[in-house]
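In: Predicted structure and sequence below. I'll ask about it afterward.
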Amino acid sequence: MRKTIRITSLAVSAALLLCGCGNTPAPAADTSADTAAEETSAAPAEESTVNYGTMRDIPLKDLIAEMKTGWNLGNTLDAPDGETSWGNPVTTPEMIDMIAQAGFNVIRLPTTWSRHTATDGDYKVDEAWLARVHEIVDYAFANDMYVILNTHHETEWIRPATEELDSFMPRFEALWTQIAESFADYGDHLLFEGLNEPRIEGGKNEWNGGTKDGRAALNVLNKTFVDTVRATGGNNAKRALLITTFAAAVTDSALKDLELPEDDRVLVSLHAYTPYGFTYHPKADWEVYEFTEYVAADIDNLFSTIDKYLLSSGRQVIITEYGSQSKSRPVTEERIDDENVKWVTYYLGKAKEYGVPCVWWDNNCYYGSGERFGLFDRANLKWYVPQVVEAIGNVYK
């Protein structure tokens, strides 16, 4: 789902936090703190003592059944210019410890690689950046969590159009070869997700399934991702891999044209902020502020559609992004997060019924006028909305 960038002044640790998961460049800001953070992250990493686990020979369905509920480290490694360039603090082990202690056993690490990778030659990934990604993966592994590692915000160069594939495919293959080889020793708690919301920016039907050509090009990209990772061998021969639909959309056109490889370790990643009028805060006359039977019906239809195209034929699915913005009524600005408690209880209850793990999109934004999906106040190590976090946990008790 589209998540635009806005800088908002917050009353949280007197810091600037970026609300969104943007597709446009962030405004200029004081980067002195970011520079220090980047210098810290660029320091040589100590040899990890974390247990990477094993690649168990268990059915994919059983592996996914172990994944209960998840959380996205949003607007961090996916910030194109570095971990703190969108205003979030440096990620620490203590942060990930608290996420795990709250009951989340899946963490998705949205990661943008383009500005940390050479654009010609062997397309080498910057070693310091790769080492930092390793550190954060290890924070999660230390908590026995599942980790989903992807390529995020790469739409400026990864464009699913048949006539453009040859222009960037060598770079795409080189990137995934390097990622796969670097994490080859990790066991089955690490999953790779090839693409995030692949689409043509500003193109026809951008967020609802694209065009016939776009979907055909995406099928080539998905297959190339799978083949590239598998070719690195070792644990990667059996690693669970996530492919996706055009823009990660749950629509008939996006799902019916998705080609699924003959590989029993491949599953599908989808994004579902459902229904949009409730989960976003568009300030339009069709916005919904309260959880109603009509909201529930949209959620029912979402999972029915996923079942029709994927689950009923034995394909496994993870909703790698979902969430509902912190709500306030117009004019009064009265907080009504209790409506999100009702929504998330129903949404996850339905997901659990269908066997679909879901990963909340958290950009660490709760205040202000941006996209307020924040649950966890990373600077102060506390929850903005503990009642929502408790509701998520209660579904899986």
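Out: Right, received. Where do you want to start?
In: Name whatever forms a beta bridge with the closest residue to residue 382 other than its chain neighbours.
Out: Spatially, and ignoring its direct neighbours in sequence, residue 382 is nearest to residue 376 (7.9 Å; Cβ to Cβ, 6 or more residues apart in numbering). C-beta here means a position set from N, CA and C on the backbone, and glycine is covered the same way. Under DSSP bridges, the beta-bridge partners of residue 376 are residue 383.
In: Residue 376 touches residue 361, doesn't it?
Out: No. With contact defined as Cβ atoms under 8 Å, residue 376 does not reach residue 361; the gap is 11.8 Å.
In: Would you mind telling me which of the two has the busier surroundings?
Out: Applying other Cβ atoms under 10 Å to residue 376 and residue 361 shows that residue 361 carries more neighbours, namely 26 against 23.
In: Against residue 325, how distant is the more buried one?
Out: As judged by Cβ to Cβ, to the nearest Å, residue 361 and residue 325 stand 10 Å apart.
In: what is in contact with these two at once?
Out: Common neighbours of residue 361 and residue 325, using Cβ atoms under 8 Å, 6 or more residues apart in numbering, are residue 373.
In: Could you tell me how many residues sit around residue 52?
Out: Counted with other Cβ under 10 Å, residue 52 comes out at 17.
In: any idea whether it is helix, strand or coil?
Out: Assigned with DSSP: H, G, I helix; E, B strand; the rest coil, residue 52 falls in the coil class.
In: Pretty sure it sits against residue 186.
Out: Yes. Counting by Cβ under 8 Å, residue 52 touches residue 186, with 4.6 Å between them.
In: Common neighbours of those two, please.
Out: Joint contacts of residue 52 and residue 186 (Cβ under 8 Å, 6+ apart) are residue 141.
In: Check what pLDDT the residue nearest to residue 382 gets.
Out: pLDDT, residue 376: 98.
In: Look up how far residue 81 lies from it.
Out: Counting by Cβ to Cβ, the gap from residue 376 to residue 81 is 23 Å.
In: Over to residue 159?
Out: 21 Å.
In: swap in residue 229?
Out: Here the criterion is Cβ to Cβ. By it, residue 229 lies 27 Å from residue 81.
In: who has more neighbours, those two?
Out: Taking other Cβ under 10 Å, residue 229 and residue 81 do not tie; residue 229 has more neighbours (23 against 15).
In: Does the more buried one touch residue 243 like I think?
Out: No. Contact between residue 229 and residue 243 fails when scored by Cβ under 8 Å: they sit 10.9 Å apart.
In: ok so, going back, residues in contact with the residue nearest to residue 382?
Out: 71, 95, 98, 99, 362, 364, 382, 383, 384.
In: which of those residues has the most neighbours?
Out: residue 364 (27 neighbours).
In: That one: what secondary structure?
Out: On the basis of three-state DSSP, residue 364 is classed as coil.
In: thinking it is in contact with residue 378, fair?
Out: Yes. Counting by Cβ under 8 Å, residue 378 is a contact partner of residue 364 at 5.3 Å.
In: okay, and the common contacts of the two?
Out: residue 88.
In: Checking my notes, residue 343 in a strand, right?
Out: No. Residue 343 sits outside any strand when classified using three-state DSSP, being helix.
In: ok, now which ones touch residue 172?
Out: 158, 221, 224, 225, 228.
In: Point me to the helix or strand that includes it.
Out: helix 165-182 (DSSP states H and E).
In: After that helix, which helix or strand is next?
Out: As assigned by DSSP H and E, the chain's next helix or strand after helix 165-182 is strand 190-193.
In: what sits up against that following strand?
Out: Counting by Cβ under 8 Å, 6+ apart, 52, 108, 137, 141, 146-151, 176, 179-180, 183, 225, 229, 239-242, 244, 269, 320 sit against strand 190-193.
In: for residue 210, what are its contacts?
Out: Here residue 210 is in contact with 160, 199, 200, 203, 204, 218, 246, 247, 253, 254 (Cβ under 8 Å, 6+ apart).
In: for the stretch 101-250 of the chain, which spans come out with low pLDDT?
Out: Applying pLDDT under 70 to the stretch 101-250 of the chain flags no residue at all.
In: Please enumerate the strands of it.
Out: Along the stretch 101-250 of the chain, counting by DSSP state E, counting those that start in this stretch, strands occupy 106-109, 146-150, 190-193, 241-244.
In: So which elements touch the longest one?
Out: It refers to strand 146-150. Where contact means 3 or more Cβ pairs under 8 Å, 6 or more residues apart in numbering; DSSP states H and E, strand 146-150 is packed against strand 106-109, helix 127-141, strand 190-193, strand 317-322.
In: one more time with 10 Å
Out: Contacts defined by 3 or more Cβ pairs under 10 Å, 6 or more residues apart in numbering; DSSP states H and E place strand 146-150 against strand 69-73, strand 106-109, helix 127-141, strand 190-193, strand 241-244, strand 317-322.
In: closest one to residue 166 among those?
Out: Proximity to residue 166, assessed across the helices and strands packed on strand 146-150 by Cβ to Cβ, is greatest for strand 241-244 (20.4 Å).
In: for the very next helix or strand once past the closest one, which positions count as buried?
Out: Once the chain leaves strand 241-244, the next helix or strand it forms, by DSSP H and E, is helix 252-256. By 16 or more other Cβ atoms under 10 Å, the buried positions in helix 252-256 come out as 253, 254, 255.
In: got the contact list for the last one?
Out: What that stands for is residue 255. 209, 215, 245, 246, 249, 268, 270, 305, 306, 308, 309, 310 (Cβ atoms under 10 Å, 6 or more residues apart in numbering).
In: hmm, back to that, can you pick out the most distant pair from the contacts of residue 376?
Out: It's 71 and 382 that sit farthest apart of the contacts of residue 376, by Cβ to Cβ, at 14.8 Å.
In: quick one, phi/psi of residue 359?
Out: When read as degrees, to the nearest 10, the backbone of residue 359 gives phi -120, psi 110.
In: Neighbours of it, how many?
Out: 24.
In: Fine by me, we can end here.
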